[in-house]
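Colleague: Take a look and give me a structure for this.
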Amino acid sequence: MKVAIIDADLIGRKKHRFPNLVSEKISAYWKEKGAEVTLKLDYDNLELFDQVYISKVFTDTPFPEEIVETEKIHMGGTGFYFDKAPNLPAEIEHHMPDYHLYDEWIASEVEKSKAEHKKKGKHFNLSSFMVQFKEYTDYSIGFMTRGCFRKCPFCVNQKYDHVFLHSPLEEFYDPDRKKICLLDDNFLGCPAWKDILNELISLKRPFKFKQGMDERLLTDERCELLFSANYDGDYTFAFDNISDYDLIHRKLKLIRKYTKATNIKFYVLVGFESTDATDIVNMWRRVALLMQYQCLPYIMRYQNKNDTPWKESKYRGMYITMARWCNQPSFYKKMSFRQYCEANQARVKTKNHICSSMRALLDFEEEYPEVASEYFDLRFEDYNESWCVDGE
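Modeller: Take a look at the predicted model:
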């Protein structure tokens, strides 16, 4: 039996660097049955395989239209079905992943980069190069819970109306791997959240929740456990709705009661309810509040499958420039929005040419000078820990 596994996002997204968990589970399932499994990096000659499994997470990942499902070609994932993606058979869903599915691909990427460096007469630093593959090589990955009760209209997670236990940790935990990555949708909403956290903490391995956590559910008890854990990387939350402003403000005060950590990040959804000036102002209100509490915003421009409404907005330039500023902490922490745009303008070599960043700033400032006056000169560095602790 010859089985081909295709990670469509790996093929279609040049910078994509995260293993497809479904592909790893399917690989492990068939290898256990004695099949010859191949991670295919193209769509050629699929007829040479007895079974072909194609998984796609992102709706905008390009995919050949001529390939359709047949008895031996199976397609799955939110990239194909959005919120209607069918479940895997239980024997695959609950199978230990094949964490070595991507090994040959990684090795080929290493050799390719080595050759490119050699050709240019440059030194190749293997350790630095391998950082991009850390999710493939260092982490046990899985879901301990599934589902979410929020039913946010912009979210792909619509299948369930509650959070429930899905897999025990030992189902996907490999003791040979240094860290753990959870893909849970809303684990804080699970009645067993405390047991989950305590189990993760007891392993003494760094762990993280890749999808982010629901800060609206934070309590003193949850904060005390979470912020004392051996957490890996950024604590990631979401500030999707301006209507949650007062609630998020209270939760930020609560967070700062328990930690002074600088690696607290919030996804900030924009371009969903509207793409007018009100949306820009609401984006700024959220960014300013997060800055006050020394948290990092990450601007998420809404995309509905292949529809990107912000691209048609009068304020397209503001969406792009805000994302470029906020989503790069090295700029966001050191420069105000105005300083960032000025720095971009300083790089322009053509006389009298205004760069896109500065154009976005100037146009919005001319139309809404009071908004620009309130927000454009805010600096992350101007805030300190004193108010961070007492919430003032």
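
Colleague: Show me this protein divided up by domain.
Modeller: If you go by automatic domain parsing, the domain ranges for the chain are 2-101, 128-390.

Colleague: Any chance of TSV for those domains, columns mean neighbour count?
Modeller: Where you see a C-beta, it was placed from the backbone N, CA and C, and this is true even at glycine. Listed next are the domains of the chain as TSV, based on neighbours: other C-beta atoms under 10 Å:
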stretch	mean neighbour count
domain 2-101	17
domain 128-390	17
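
Colleague: Reformat the ones you listed as CSV; add distance to residue 110 and mean pLDDT.
Modeller: As requested, these are exported to CSV (distance: least, C-beta to C-beta, whole Å; pLDDT from 0 to 100):
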stretch, distance to residue 110, mean pLDDT
domain 2-101, 14, 96
domain 128-390, 7, 94
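
Colleague: As JSON lines, those with distance to residue 116 would be great.
Modeller: Listed next are the domains of the chain as JSON lines, based on distance: least, C-beta to C-beta, whole Å:
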{"stretch": "domain 2-101", "distance to residue 116": "15"}
{"stretch": "domain 128-390", "distance to residue 116": "11"}
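
Colleague: And these: which comes nearest residue 111?
Modeller: Nearest to residue 111, of all these, is domain 128-390, at 11.0 Å by C-beta to C-beta.

Colleague: Check the gap between residue 33 and residue 86 for me.
Modeller: 21 Å (C-beta to C-beta, to the nearest Å).

Colleague: Just the strands from the stretch 251-392 of the chain, written as ranges.
Modeller: Applying DSSP state E, counting those that start in this stretch to the stretch 251-392 of the chain gives strands spanning 264-270, 296-301.

Colleague: Adding distance to residue 94, write those out as TSV.
Modeller: Converted to TSV, the strands of the stretch 251-392 of the chain look like this (distance: least, C-beta to C-beta, whole Å):
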stretch	distance to residue 94
strand 264-270	29
strand 296-301	31
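
Colleague: Select, out of those strands, the one closest to residue 160.
Modeller: strand 264-270 (20.8 Å).

Colleague: Can you give the contact residues for that closest one?
Modeller: Strand 264-270 has contacts (C-beta atoms under 8 Å, 6 or more residues apart in numbering) with 154, 212, 215, 234-241, 255, 279, 282-283, 286-287, 290, 294-302, 310, 319, 322, 326.

Colleague: So which residues make contact with stretch 56-63?
Modeller: 8-9, 12-13, 20, 75-80, 82, 303, 305-306.

Colleague: now, which of those residues sits nearest residue 123?
Modeller: Taking the contacts of stretch 56-63 together and measuring to residue 123 by C-beta to C-beta, the closest member is residue 13, at 28.5 Å.

Colleague: Tell me who's in contact with the closest one.
Modeller: By C-beta under 8 Å, 6+ apart, residue 13 lies in contact with 58, 61.

Colleague: before we move on, what about residue 161?
Modeller: 147, 149, 151.

Colleague: mind checking the SS state of it?
Modeller: coil (DSSP: H, G, I helix; E, B strand; the rest coil).

Colleague: which secondary structure elements does the lengthiest helix in the chain contact?
Modeller: Longest helix in the chain by number of residues (criterion: DSSP state H): helix 103-120. If you count contacts as 3 or more C-beta pairs under 8 Å, 6 or more residues apart in numbering; DSSP states H and E, helix 103-120 packs onto helix 126-130.

Colleague: Show the subsequent helix or strand relative to the helix it packs on.
Modeller: helix 134-137 (DSSP states H and E).

Colleague: Return the distance of that next one from the chain's centre.
Modeller: 15 Å (C-alpha atoms, centre = their mean, to the nearest Å).

Colleague: ditto for stretch 4-19
Modeller: 15 Å.

Colleague: who does residue 298 bridge with?
Modeller: Beta-bridge partners recorded for residue 298 (DSSP bridges): residue 267.

Colleague: I'd guessed it sits against residue 326; true?
Modeller: Yes: judged on C-beta atoms under 8 Å, residue 298 makes contact with residue 326 at a distance of 6.6 Å.

Colleague: what pLDDT, on average, does the longest helix of the chain get?
Modeller: Helix 103-120 shows a mean pLDDT of 97 in the predicted model.

Colleague: The chain should start at 6 in everything you say after this.
Modeller: From this message on, residue numbering opens at 6, which makes the last subject helix 108-125.

Colleague: Only alpha carbons, please: show it as CSV.
Modeller: The C-alpha atoms that make up helix 108-125 are tabulated as CSV, following Å, rounded to 0.1, in the frame of the first residue of the first chain:
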residue,chain,number,x,y,z
ASP,A,108,12.1,15.0,8.7
GLU,A,109,13.1,14.5,5.1
TRP,A,110,11.7,17.8,4.0
ILE,A,111,13.5,19.6,6.7
ALA,A,112,16.8,17.9,5.8
SER,A,113,16.3,18.9,2.2
GLU,A,114,15.7,22.5,3.2
VAL,A,115,18.9,22.4,5.2
GLU,A,116,20.9,21.1,2.3
LYS,A,117,19.4,23.6,-0.1
SER,A,118,20.2,26.5,2.2
LYS,A,119,23.8,25.2,2.8
ALA,A,120,24.3,25.1,-1.0
GLU,A,121,23.0,28.6,-1.4
HIS,A,122,25.3,29.9,1.3
LYS,A,123,28.3,28.1,-0.2
LYS,A,124,27.5,29.5,-3.6
LYS,A,125,27.5,33.1,-2.2
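
Colleague: Just checking the distance from stretch 292-310 to the centre of its chain.
Modeller: Per C-alpha atoms, centre = their mean, the centroid offset for stretch 292-310 relative to its chain is 13 Å.
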